[in-house]
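1. sequence plus predicted model, see below.
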Amino acid sequence: MFRDRFSRRYRPRRRRPFGETVLTLSLLTFLVVLASDWGGPGRPVQALFRKPPVAVSEPFPNCGAARAVGAAPVYRGDPGYGPHLDGDADGIGCEPPRRF
């Protein structure tokens with residue numbers, strides 16, 4: 001049955017205090033910034049948890065060789081990175097193709 005504000009069982013909705021809303025938004029913002037590594041070295045968060053690649057002294061000849069030793073994707077500054085491995089010049093070589 002429809003209850004309007006003139007019925008006996010009507011209870012107005014509790015409004016959330018302004019301070020509680022600000023605290024919740026601040027906490028969510030902090031967690032997003034923490035998870036995104038904002039202001040960090042510029043690498044994706046996934047790069048922080050990947051296995052260290054095999055030590056090499058020169059760039060991999062192709063992406064197949066990098067994938068074979070488990071080093072793909074290779075980031076700019078890592079041993080084994082070469083500009084010929086980075087097709088779109090974003091600093092990540094041998095990355096999988098994007099799916100849209």
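-> In hand now; what should we look at? Residues are numbered from 1 along each chain as shown.

2. just name the shakiest helix or strand of this protein by mean pLDDT.
-> Ranked by mean pLDDT, DSSP states H and E, the helix or strand of the chain with the weakest confidence is helix 45-48, at a mean of 58.

3. after it comes which helix or strand?
-> helix 63-68 (DSSP states H and E).

4. give me phi/psi at the closest residue to Ala55 other than its chain neighbours?
-> Leaving aside its sequence neighbours, Ala55 sits nearest to Pro79 (CB to CB, 6 or more residues apart in numbering; 6.2 Å). The way it works is simple: take the backbone N, C-alpha and C, and place the C-beta from them, glycine included. Main-chain dihedrals, Pro79, degrees, to the nearest 10: phi -60, psi 140.

5. for Pro79, give its distance to Arg15.
-> 58 Å (CB to CB, to the nearest Å).
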